[in-house]
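S.K.: give me the fold of what follows.
(chains A and B)
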Amino acid sequence: MDQSILLIDDEEGIRKVLGIYLSDMGYQVFLAENGEQGSRIFRKEKPPIVLVDIKMPGMDGIELLRIIKEEIPDTEVIMITGHGDMDLAIKSLKLEATDFVTKPINDDVLEIALKRAHERLTMRRLLREHTNNLEQLVRDKTKKLVEAEKLAAVGQTVAGLSHAIKNIASGLKGGAFVLEKGLELDSRKYLMQGWEMVKGNVDKITKLSMDLLNYAKVTDVNYKLSEPNQQVHEVVSVMQHQAKELGIHLKIELAPDLKAFYFDPELIHWCLLNLVSNAIDACMEDDLDNNGKVVLVKTVKAKGWGVEFQVIDNCCGMDEEIKENIFQGFYSTKGTKGTGIGLMITKKIVDGHKGVIEVESKKSVGSTFIIRLPEKLQP
Amino acid sequence: MLQHKPAKNQSLRIVLKINPLKILVVDDEPDMRIFVSTVVETMGFDPIMAENGTEALEKVQSILPALIILDVMMPKIEDGVKTYQLLKTDKRLDQIPIIMLSAIAKKTFFHFIRILSPQNGPGIPEPEAYMEKPPDAAELVKIIENLLLNKTQK
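M.R.: From the prediction side, this is the model:
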């Protein structure tokens, strides 16, 4: 037997006899004559089995048992008791001693106690291995599951993307057909129409590839100390011209008490631009007479946030079903005009800032998109 | 135009004064309208365009085209399917053949139609032709020829 055992007893005779007996059984035996010495040897050698006299001067067996069980709870501790130590013996069992043997020590009883200690050690080892295996198994399976889910997400993305590309391809194909007819019949009308279709679809695929590139890029948030109101000014000045041409009032309403904080001005600019151009698209869907169409960009100092941006329109609005889907990739209500990437990127950017994006909308009343960014005061 | 409907025996089918050269193209996407119109026009027909279901129904009644080419998604499936349902359950207009042009699979469309059919009623008839998008010009030409040729033979 290739195992060590620690024997602690203040009686030299017992140490000697038991020591020889245990050595004969094949144990490597460490001997100690009191609790203090025993605990020192225990800490150094960490034997799996300890045999300890319950009554000793100084640190007694119960105290030592307590220490051992505290330090290495798996240690099997067998108590050696005298006659009339029943109360102590029971106390030791309560403290999770493996067993006790009574002096004078009967070889058979000791053997049985040791055997039980070994069984418990083996069982515990097996149990631990089994648990570890199970945990490993769970880890492996979880990893596989996550991978499968990732693949499924990629699959969905690819499906959405292929739908967007298919739309553009069919537009190009149609344009090519009309162009061909124009050449064949020498028709200026067909030539112009076909040419416009081809051009429009080339623009669409260019935009799609730029959007995809953007989507891939937005994983890096480049924090800079920036003014939230500044972003609104920039976006509105970019869009003002287009809005005016379409007969839409693009207005701003800025909170005066906003402080600069850290966010990525380029990405947030992109988000606001996307929301404003969506709002303008929504207005174009609407039959309101021209004077009534309003897109309002607001900043608000929301409690606990650096800023709350609001992009509000009074145009077509969305029903519940559309609202649920808009942040999902490749979901679009604009037919072939949209790819469903814009809001997907916007959400990714806002998520990247640990912000929130929300939408309130009522069919035929209008929509409000809200972005809140946390007030990040360090880069 | 509807007011001019001649009062005839109700058990008889009212014969429509169909415009043999007019084809109504219904699609919300301008590219698709231009493409399909060009196909129709280069075949020698006169395409009329409509952008949505309401406009389509108006034009069908006022123009009485020989054929309707109808997109299912405009921009949601309901508009296209409802337009189809109204056309096919109208005792007069159901004589005009319809080519469904669609980005959705044929099966999905027929499933929709079955759901919309009244439970004990006759059910909504299937379209004369179904074509998945993107349409192929040559195939579309063939379908149109088949439908309008058969019609004149009757």
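S.K.: which parts of chain A sit against chain B?
M.R.: For chain A, the residues in contact with chain B under the definition CB under 8 Å from any CB of the partner chain are A:166-167, A:169-171, A:173-175, A:177-178, A:181, A:185, A:190, A:193-194, A:197, A:200-201, A:333-336. All C-beta atoms are positioned from the backbone trio N, CA, C, and that covers glycine.
S.K.: all helices of chain A, in order?
M.R.: A:12-24, A:35-45, A:61-71, A:86-94, A:107-185, A:188-217, A:228-245, A:265-285, A:320-325, A:342-352 (DSSP state H).
S.K.: and for chain B?
M.R.: Along chain B, the segments classed as helices by DSSP H run B:30-42, B:53-63, B:77-89, B:106-116, B:137-153.
S.K.: pLDDT-wise, which helix or strand of chain B ranks last?
M.R.: When the helices and strands of chain B are compared on mean pLDDT, DSSP states H and E, helix B:106-116 comes out lowest with a mean of 78.
S.K.: got the angle between that helix and helix B:77-89?
M.R.: Here helix B:106-116 points in a direction 70 degrees away from that of helix B:77-89 (axes from the mean of the first three to the mean of the last three CA atoms, to 10 degrees).
S.K.: give me the contact list for helix B:106-116.
M.R.: Applying CB atoms under 8 Å, 6 or more residues apart in numbering or on different chains, the external contacts of helix B:106-116 come out as B:72, B:77, B:81-82, B:84-85, B:100, B:102, B:123-124, B:126, B:130, B:132.
S.K.: in JSON lines: these, plus neighbour count and pLDDT.
M.R.: Formatted as JSON lines, the contacts of helix B:106-116 follow (neighbours: other CB atoms under 10 Å in any protein chain shown; pLDDT from 0 to 100):
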{"residue": "B:72", "neighbour count": "26", "pLDDT": "78"}
{"residue": "B:77", "neighbour count": "16", "pLDDT": "62"}
{"residue": "B:81", "neighbour count": "24", "pLDDT": "82"}
{"residue": "B:82", "neighbour count": "16", "pLDDT": "83"}
{"residue": "B:84", "neighbour count": "24", "pLDDT": "89"}
{"residue": "B:85", "neighbour count": "16", "pLDDT": "86"}
{"residue": "B:100", "neighbour count": "24", "pLDDT": "90"}
{"residue": "B:102", "neighbour count": "22", "pLDDT": "80"}
{"residue": "B:123", "neighbour count": "14", "pLDDT": "73"}
{"residue": "B:124", "neighbour count": "21", "pLDDT": "79"}
{"residue": "B:126", "neighbour count": "14", "pLDDT": "84"}
{"residue": "B:130", "neighbour count": "17", "pLDDT": "90"}
{"residue": "B:132", "neighbour count": "15", "pLDDT": "83"}
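S.K.: and the two most separated of these?
M.R.: Looking at the contacts of helix B:106-116 by CB to CB, the two members farthest from one another are B:123 and B:132, with 22.8 Å of separation.
S.K.: lowest mean pLDDT across the helices of chain A, which one is that?
M.R.: Set side by side, the helices of chain A give their lowest mean pLDDT on helix A:320-325, at a mean of 78.
S.K.: show me what counts as buried in it.
M.R.: For helix A:320-325, burial by neighbour count (16 or more other CB atoms under 10 Å in any protein chain shown) applies to A:322, A:323, A:325.
S.K.: between the residues you listed, which is closest to chain B?
M.R.: Comparing the buried residues of helix A:320-325 against chain B with CB to the nearest CB places residue A:322 closest, at 9.0 Å.
S.K.: so that closest one versus residue B:114, what's the distance?
M.R.: 25 Å (CB to CB, to the nearest Å).
S.K.: how much space between the closest residue in space to residue A:19 that isn't next to it in sequence and residue A:58?
M.R.: Taking CB to CB, 6 or more residues apart in numbering or on different chains as the measure, residue A:19 lies nearest to residue A:29, with 5.2 Å between them; neighbours along the chain are not counted. As for residue A:29, its distance to residue A:58 is 22 Å (criterion: CB to CB).
S.K.: and for residue A:70, the neighbour number?
M.R.: Summarising burial for residue A:70: neighbours were counted as other CB atoms under 10 Å in any protein chain shown, giving 9.
S.K.: contacts only, for it.
M.R.: Taking CB under 8 Å, 6+ apart as the definition, residue A:70 has no contacts.
S.K.: list the contacts of residue B:31.
M.R.: For residue B:31, the contacting residues are A:171, A:174, A:175, A:197, A:200, A:201, A:336, taking CB under 8 Å, 6+ apart as the criterion.
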